[in-house]
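Asker: Got a predicted structure here, sequence first:
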Amino acid sequence: MGASRGTAGRSRTRATSGKTGKPSGSARKPASKGSRRAPTAIKLQARKRRRQAFTAIAATLGTAALIAATWALVSGIHSIGRLSYGPGTGNPSAALGAEAPKAEDAQALEGAGVAVDEAGPGGIPPMQSTEIASLPDPQWLADVSAATGIPERALAAYAGADLVASNVYGCRVGWNTLAGIGYVESHHGTLFGGGVQPDGETSQKIYGIPLDGTNNTMAIEDTDKGRLDNDTEWDRAMGPLQFIPTTWEIWGTDGNGDGIEDPHHIDDAAMTAALYLCNAQGTLEGADNWIPAIRSYNNTDDYQKQVADAASNYARIERELR
């Protein structure tokens with residue numbers, strides 16, 4: 001208690017002068033209403049108005065910048081889409097590459113190789129024995145293979161299948177479409193270190209993962225007792241163009257003239273893919289036909305875009321060689 005009183009007493013001594021108790025000379029007199037407080041209030045209001053103005057300007061500039069950035073982004077996406085896929089970035093498609101020139105001994109291809117009195121899959125007449133890989137011009141194959149990186153033997157199958165589809169069935173598929181599918185499905189048969197051999201067989205059989213409902217797959221229990229896909233529990237996609245057994249049983253076509261429909265042979269796989277795609281739309285010319293046909297092969301946006309990208313790139317490289 002004593003310490004508290006002493007402290008209080010010293011405080012009062014400093015604050016007053018003599019016995020009167022009036023403020024000492026060092027204490028400041030209160031400012032008058034018109035001298036100091038009014039300018040301070042005006043300054044505060046002015047600062048507030050400046051801050052509000054700066055905030056409004058910044059908001060306007062920010063909105064303008066956001067609009068400009070959005071416009072640039074959308075324009076960039078459309079530009080990239082036109083370069084990669086052609087018009088229509090929302091539904092990318094690939095323009096068909098020019099038909100491969102025919103080899104000298106394939107000039108009379110029109111009207112050959114089809115038994116029109118027989119019904120084939122989807123109403124398409126079945127192929128008679130035709131070695132489709134012998135149809136494209138050898139020099140064209142060598143040049144395009146070297147430029148695109150597509151193995152020459154696989155390219156011969158893609159181009160030959162397109163020639164048959166176009167000249168025999170009146171359906172343009174596009175060698176570059178088949179090449180785009182081949183790239184996406186198996187990198188033209190080179191997955192797992194294998195490749196397409198000179199006779200068209202893959203050096204290593206290619207099987208997809210089990211279609212057991214996992215890994216975003218549809219559950220398809222075994223339909224072929226493992227005869228085609230080497231799996232007696234679940235079906236698997238197979239070969240360089242990855243057909244499932246049920247599709248192959250319906251559409252499998254002999255593309256090399258040996259009388260056997262083999263999903264692991266690039267000629268058979270390419271010819272089967274061409275006829276399967278033709279059945280979907282009748283032709284793949286134009287985005288309205290190309291997109292549904294590709295979606296019938298694999299109905300996902302990502303797959304469509306990947307095939308369109310690869311097919312468009314191959315067609316562009318081939319055009320630049322002319």
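Answerer: Right, received. Where do you want to start?

Asker: mind listing the helices for the stretch 151-300 of the chain?
Answerer: 152-167, 175-186, 245-251, 266-281, 287-297 (DSSP state H, counting those that start in this stretch).

Asker: Extract the C-alpha trace of the second one and format it as CSV.
Answerer: Taking only C-alpha atoms (Å, rounded to 0.1, in the frame of the first residue of the first chain), the coordinates of helix 175-186 have been written out as CSV:
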residue,chain,number,x,y,z
TRP,A,175,-4.7,-44.5,-94.3
ASN,A,176,-3.9,-41.8,-91.8
THR,A,177,-7.0,-42.7,-89.8
LEU,A,178,-5.9,-46.3,-89.5
ALA,A,179,-2.4,-45.2,-88.7
GLY,A,180,-3.8,-42.9,-86.0
ILE,A,181,-5.6,-45.9,-84.4
GLY,A,182,-2.6,-48.1,-84.8
TYR,A,183,-0.4,-45.5,-83.0
VAL,A,184,-2.9,-45.1,-80.1
GLU,A,185,-3.6,-48.8,-79.7
SER,A,186,-0.1,-50.3,-79.9
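
Asker: How about residues contacting that helix?
Answerer: 94, 96-97, 99-100, 148, 150, 154-155, 157-159, 161-162, 188-189, 206, 239-242, 270, 273-274, 277, 284, 290, 294, 297, 303, 306-312, 314-315, 318 (Cβ atoms under 8 Å, 6 or more residues apart in numbering). (Glycine included, C-beta is placed from N, CA and C.)

Asker: any chance of the helices of the stretch 151-300 of the chain in a markdown table, with mean pLDDT and distance to residue 211 too?
Answerer: Rendered in a markdown table, the data for the helices of the stretch 151-300 of the chain read as follows (pLDDT from 0 to 100; distance: least, Cβ to Cβ, whole Å):
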| stretch | mean pLDDT | distance to residue 211 |
| --- | --- | --- |
| helix 152-167 | 94 | 25 |
| helix 175-186 | 97 | 15 |
| helix 245-251 | 94 | 10 |
| helix 266-281 | 94 | 18 |
| helix 287-297 | 94 | 16 |
